[in-house]
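**Q** The following block contains a protein sequence and its predicted model.
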Amino acid sequence: MTPDAFLPLNPRAYAIMLVIADEPAHGYRIKHEVEERSGGSIALDPGSLYRTIAKLVRDDLVAERRAPADTDRDDERRRYYQLTPLGKRVARAETERLAALIQTGPARALLRRGKTA
Amino acid sequence: MTRRKRDGARRTTRVFDALLALYSPAFQKGYGGEMRRVFVESYDTISRGGSRWTRLGFLSRTFRGMLVSAVGSWFDIRRSSPASSPRVHRVRGTAGAFYVRDVVAGIAAIVRAPGFGVLCVAILGLGGAAVVTVGAVTHATLVRPLPYAAPDRVVIGWGSTSVNGQFRDVIAGSVAVDLIRRNRTFDALAAFKPDGTVLMQDNKPHVLDALTVTTEFFAALGIDPWLGRWFTTEEGFSGGEPVLVVSHAFWQKKLNADSSAVGRRITLDGAAHTVVGITGPDFYFPFALDVVVPLHEDVLATHSRTNYNYWLAGRLHDGVEMATASADLNQILGAIAEEDPRLANWSILIEPFQESVVQYIRLPLLAVLVAVGFVWLIAIVNVANLLLIRVSGRQHALAIRRALGASTPRLAALLLAEGATISLAGFAIALGLATVMLDLLRTVMPPVVPVPGSAAQVALVTPVLSWPVVVFATLVFVGGFAVFSAPVLWNALRRWETGSLQGNSRTQSGTRGNLRMHDALVAAELTLATLLLVGAGLSVRTTVNLLRADSGLHPAGVLSLYMGDFNGRPREDRVRFFDGVLREIEALPGVAYVGLNDYVPLQNEDDFEGVRFPDRPPPQPGQGPREEWRRVSADYFAAAGISLIRGRTFTRGDDETAPSVAVINRAFAAKYFTGDDPIGYHIRVTDDPYDLTEIVGVVDDVLRRGLNQAAPPVLYVPYQRNPRPTMAVFVRTDGDPSSFAEAVKSAIWRVDPGQPIAQILTLEDIVRSSIGVPRLTMQIVGALASLALVLAAVGVFGVMAYSVRMRRHELAIRVAVGATPRGIRALVVAKDARITALGLGMGLGLAFLLGNTIEGLLFGVAPADPVTFAGVGMVLATVSLLAAYIPARRASHVDPLESLRAE
């Protein structure tokens, strides 16, 4: 299947995928990062966090990973998630799609109007 | 962390765990632990830094989110990974194998997405369990013939009189004997009377339920003894050997299930009796019995014809109609009445045994049957809706099959297989749940119910999950399967015809029509749920009214029991004993008043005596009024809490040496003294020791026949002139009356240790159990209505979720052109509001029209009770809007970019 089949991504899924694109992270870190990066506009309660992760795992976009080597003992037992190669391609495709969208005339017009208003 | 904070953390974790339990098991297993960690860590961080309001905001957001995804977790269809190919490519083999494969695929589809399956199975299981349980009760009471040989020939005979409206009254032993000897239409006819008898065991008197019968009794029922034999003709005459038959339960309990029990001697009422037979374990007779004792026909024949005591049980000759037998008996009675005009207005009413037993519960049971039918309809509509939604979600897969050459019957088989799997699983759950519910029902069912127009109280047949009930349940499920499969098939087939199946679901042309069908189904569900809720509401109000209704008693703190057995003992002995008991109990600490009455009120007892008014024209022979009378002690009114309206009640001085006095109740005064002052009037009572009696007071009515019936006129007289051999004592205490039971018992046995004591109850229990049937009806209808409400909410949720999915494109455009999330939510909720208004309106309208059919079940509330209607409207509207809110919320999160992408 091509990455395009997964687009558009749910904004939550996309935000989560961005956090775990390069290095694995556990649930709390994902939640924390997503909320911080989005300035609080995307809130993740444990339910929606793990439902989204579950869906991504099912679709083969995210996989469980072993904890990084430098993790302390307590955190070792947690589950870490990271993008699969397919997940990476999907995330890239979504980013490109969004970027292209913003380059369109109407979107620019919207942005301009937003500034003057 | 402070202790308070720690407690708070523990509490919130508990809430979190409760919410976690709502997720689908697979999800919990996979992610539950991690979710908990994330929650605990987040909460810690928030608690450390934030104020109380931040904390509350966090919790409210989290818990709301958890709830939404909990529901979602059940709907998450476990899609196979996108890389794997559709199965249809691998289809090979014969046509028959295709069908099998499709059926297997249908089952597999359910197993793969358990959320949907679990929901459908739960709906059918719960609804089905209600159907099966009520079906079992109906079968046991209304349908299944009583366990007698040729049960349609077994009848019960009552004495019927127009004088006091007791159309299922007793007749005199002498009259019964005449009927038994002279009838030409019965194979066997017997008189019987439920009675108490006293068994001495371990030096303590035990009261047993005895049935005294003439010897053809068992032949009339047409049953065989389990062990031993029934009575011989000789044993039915004086001079015959004293014998008895014991029930199977009595044999197990009191005779230790001893196989050599037949032939054993038992001392009853001070005389040795030989056990000759034991009834079978399945023996049923509507009157409680431990032992059956023969009556002596020659003694009965000498009874006065106005000494009314017995009912009749008979077996008709083969081929004899009920009416013929009735004419036969009434002709004999007519001949007797010619000699004895006192019987002029009496007749014999015979009716099928079963008929008389179920009289009282027929109407409530039919109401429950209708209610359960509604629940089943709602369940079926719900499943139909869910299946429709599911099929529409799989249109693409079906279209591929179609394109690859799958025939219409094959696709139909695939669709049906799913429904069949769900039905089977639901059926199994329904049967399992029904056994549990029947067990529960057996514990809450009233042990006896009153027979209308009679003092009789009869036991109902215990409902069990028998084969006919299982067959019935099977038919119900097959019917349900047919009904919920039909729209699915129709819908799918129609689509195949028009070829629209190939289409993309987003541009589906059939979507509009489809949604209309869903809307109609949901509106129908809501209509049925409204009807049920109105029924439940009225039933609750009836029960509350019954409980609150002034029974004329003040039952709090009162203990009552029956005591004494002075059959054949002189008046002096009785008075000495009862007086002694009053003195002993009065002396107990914490006792305020002690009173005697021949009977405990509210238990359907009756005892009539003739009354005459010396200054009024004498009645025709046999037409003289007969009224309820009760022999009571001075403090009875104070002990039972019956208020005095005029004049005075009795004093200790009103004994057999003083002039005869009486107190009447309000109903008596209203019937015979309209406008006149009854106080000081002299009335004649046909019981000789009382004779000419002065009315000295008027007291309030006691609603005797269950709280929901008008109080009959009652005449009270002091008991000392002619006490009954057994009397009830009422003890008004200043505390918990049941804690006085032991002290009262020993007080009675201090007077005479040989006297039996029976039926120790608080007066509050008596009031409560007098409305046992309406209360049980309320509980059952209430449970069914709650189930209907939940099912209707599921229906609303399902259809709203579906409609949101179908309209995602439209909603996305709306968002893109500036609709706010709030606007989108309002749009979805408004749609739900329209359906709800339609369903609610139809439901309330129907409830209004059908109201008078259940009027007979109501008390103190009109069938179109505005409070109930308004309450139901509010509850249903609230639940429906809540159910629509989750899909509405989802709709408001529609990504506007989607519409751009689709263009």
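**A** Now that the structure is in, tell me what you want to look at.
**Q** CA only for contacts and neighbour counts going forward, please
**A** Will do.
**Q** ranges for the helices of chain A?
**A** Per DSSP state H, chain A carries helices over the ranges A:11-19, A:27-37, A:46-58, A:73-76, A:85-103, A:105-116.
**Q** need these in CSV with mean neighbour count, can you?
**A** What follows is the helices of chain A, written out as CSV (neighbours: other CA atoms under 10 Å in any protein chain shown):
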stretch, mean neighbour count
helix A:11-19, 19
helix A:27-37, 19
helix A:46-58, 21
helix A:73-76, 10
helix A:85-103, 16
helix A:105-116, 10
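**Q** Ranked by average pLDDT, which of those helices falls at the bottom?
**A** The weakest mean pLDDT among the helices of chain A belongs to helix A:73-76, with a mean of 62.
**Q** hmm, back to that, turn the helices of chain A into a markdown table, including distance to chain B.
**A** Converted to a markdown table, the helices of chain A look like this (distance: least, CA to the nearest CA, whole Å):
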| stretch | distance to chain B |
| --- | --- |
| helix A:11-19 | 8 |
| helix A:27-37 | 5 |
| helix A:46-58 | 5 |
| helix A:73-76 | 11 |
| helix A:85-103 | 9 |
| helix A:105-116 | 11 |
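**Q** Tell me which of those helices lies nearest to residue B:522.
**A** helix A:46-58 (29.1 Å; CA to CA).
**Q** rewinding a little: now for the helices of chain A, which one comes closest to residue B:690?
**A** Residue B:690 lies closest to helix A:46-58 among those, at 82.5 Å (CA to CA).
**Q** Kindly spell out which helices and strands sit in contact with that closest one.
**A** Applying 3 or more CA pairs under 8 Å, 6 or more residues apart in numbering or on different chains; DSSP states H and E, we find helix A:46-58 packed against helix A:11-19, helix A:27-37, strand A:62-65, helix B:25-49, helix B:52-75.
**Q** Please tabulate the ones you listed in TSV, including the columns distance to residue B:197.
**A** Shown next, in TSV, are the helices and strands packed on helix A:46-58 (distance: least, CA to CA, whole Å):
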stretch	distance to residue B:197
helix A:11-19	80
helix A:27-37	76
strand A:62-65	79
helix B:25-49	60
helix B:52-75	62
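**Q** which stretch in the ones you listed has the least confidence?
**A** Mean pLDDT, when computed for each of the helices and strands packed on helix A:46-58, is lowest for helix B:52-75, at a mean of 80.
**Q** So what angle separates the directions of that one and helix A:46-58?
**A** 40 degrees (axes from the mean of the first three to the mean of the last three CA atoms, to 10 degrees).
**Q** Helix B:52-75 packs against which elements?
**A** helix A:46-58, helix B:3-20, helix B:25-49, helix B:114-138.
**Q** So what touches the second one?
**A** The reference is to helix B:3-20. With contact meaning CA atoms under 8 Å, 6 or more residues apart in numbering or on different chains, helix B:3-20 is reached by B:28, B:32, B:36, B:40, B:63, B:66, B:67, B:70.
**Q** so which two of those residues are the farthest from each other?
**A** B:40 and B:70 (18.2 Å).
**Q** Neighbour count: the two, which is higher?
**A** residue B:70 (22 against 18; other CA atoms under 10 Å in any protein chain shown).
**Q** Which stretches in the stretch 401-550 of chain B count as helices?
**A** B:408-444, B:467-498, B:511-548 (DSSP state H, counting those that start in this stretch).
**Q** Would you mind finding the most buried of those helices?
**A** Stretch with highest mean neighbour count among the helices of the stretch 401-550 of chain B: helix B:511-548 (a mean of 23; mean count of other CA atoms under 10 Å in any protein chain shown).
**Q** now that helix against helix B:467-498, angle please.
**A** Per the same axes, to 10 degrees, the angle that helix B:511-548 makes with helix B:467-498 is 150 degrees.
**Q** partners of the helix or strand following helix B:511-548, with directions?
**A** For helix B:511-548, the following helix or strand on the C-terminal side (DSSP states H and E) is strand B:558-563. Applying DSSP bridges to the sheet, strand B:558-563 is found paired with strand B:727-733 (antiparallel), strand B:757-762 (antiparallel).
**Q** Reformat those as TSV; add mean neighbour count.
**A** What follows is the strands paired with strand B:558-563, written out as TSV (neighbours: other CA under 10 Å):
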stretch	mean neighbour count
strand B:727-733	27
strand B:757-762	18
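**Q** These: lowest mean pLDDT?
**A** Minimum mean pLDDT among those: strand B:757-762, a mean of 86.
**Q** Distance check, residue B:823 against chain A.
**A** Residue B:823 is 20 Å from chain A, where distance means CA to the nearest CA, to the nearest Å.
**Q** next one: residue B:614
**A** In terms of CA to the nearest CA, residue B:614 sits 87 Å off from chain A.
**Q** show me the contacts for that residue.
**A** B:682, B:683, B:684 are the contacts of residue B:614 under CA under 8 Å, 6+ apart.
**Q** hmm, 10 Å instead?
**A** B:681, B:682, B:683, B:684, B:692 (CA atoms under 10 Å, 6 or more residues apart in numbering or on different chains).
**Q** Let me have those in JSON lines, extended by neighbour count and secondary structure.
**A** Formatted as JSON lines, the contacts of residue B:614 follow (neighbours: other CA atoms under 10 Å in any protein chain shown; DSSP: H, G, I helix; E, B strand; the rest coil):
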{"residue": "B:681", "neighbour count": "17", "secondary structure": "coil"}
{"residue": "B:682", "neighbour count": "20", "secondary structure": "strand"}
{"residue": "B:683", "neighbour count": "20", "secondary structure": "strand"}
{"residue": "B:684", "neighbour count": "16", "secondary structure": "strand"}
{"residue": "B:692", "neighbour count": "22", "secondary structure": "strand"}
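**Q** Of those residues, which is the nearest to residue B:334?
**A** The closest of the contacts of residue B:614, once distances to residue B:334 are taken by CA to CA, is residue B:684, at 28.1 Å.
**Q** returning to that earlier point: let's have the strands paired with strand B:558-563 in TSV, adding distance to residue B:536.
**A** TSV is the format used below for these (distance: least, CA to CA, whole Å):
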stretch	distance to residue B:536
strand B:727-733	36
strand B:757-762	29
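**Q** need the strands for the stretch 201-350 of chain B, in chain order.
**A** With DSSP state E, counting those that start in this stretch, the ranges of strands along the stretch 201-350 of chain B come out as B:204-213, B:227-228, B:243-246, B:265-268, B:271-278, B:291-294, B:308-316, B:346-352.
**Q** Turn the ones you listed into JSON lines, including mean neighbour count and mean pLDDT.
**A** As requested, the strands of the stretch 201-350 of chain B are exported to JSON lines (neighbours: other CA atoms under 10 Å in any protein chain shown; pLDDT from 0 to 100):
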{"stretch": "strand B:204-213", "mean neighbour count": "21", "mean pLDDT": "86"}
{"stretch": "strand B:227-228", "mean neighbour count": "16", "mean pLDDT": "90"}
{"stretch": "strand B:243-246", "mean neighbour count": "25", "mean pLDDT": "93"}
{"stretch": "strand B:265-268", "mean neighbour count": "17", "mean pLDDT": "87"}
{"stretch": "strand B:271-278", "mean neighbour count": "19", "mean pLDDT": "91"}
{"stretch": "strand B:291-294", "mean neighbour count": "26", "mean pLDDT": "93"}
{"stretch": "strand B:308-316", "mean neighbour count": "24", "mean pLDDT": "91"}
{"stretch": "strand B:346-352", "mean neighbour count": "21", "mean pLDDT": "90"}
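**Q** Generate JSON lines for the ones you listed, with distance to residue B:152 as supplementary columns.
**A** JSON lines is the format used below for the strands of the stretch 201-350 of chain B (distance: least, CA to CA, whole Å):
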{"stretch": "strand B:204-213", "distance to residue B:152": "21"}
{"stretch": "strand B:227-228", "distance to residue B:152": "26"}
{"stretch": "strand B:243-246", "distance to residue B:152": "25"}
{"stretch": "strand B:265-268", "distance to residue B:152": "35"}
{"stretch": "strand B:271-278", "distance to residue B:152": "25"}
{"stretch": "strand B:291-294", "distance to residue B:152": "24"}
{"stretch": "strand B:308-316", "distance to residue B:152": "9"}
{"stretch": "strand B:346-352", "distance to residue B:152": "7"}
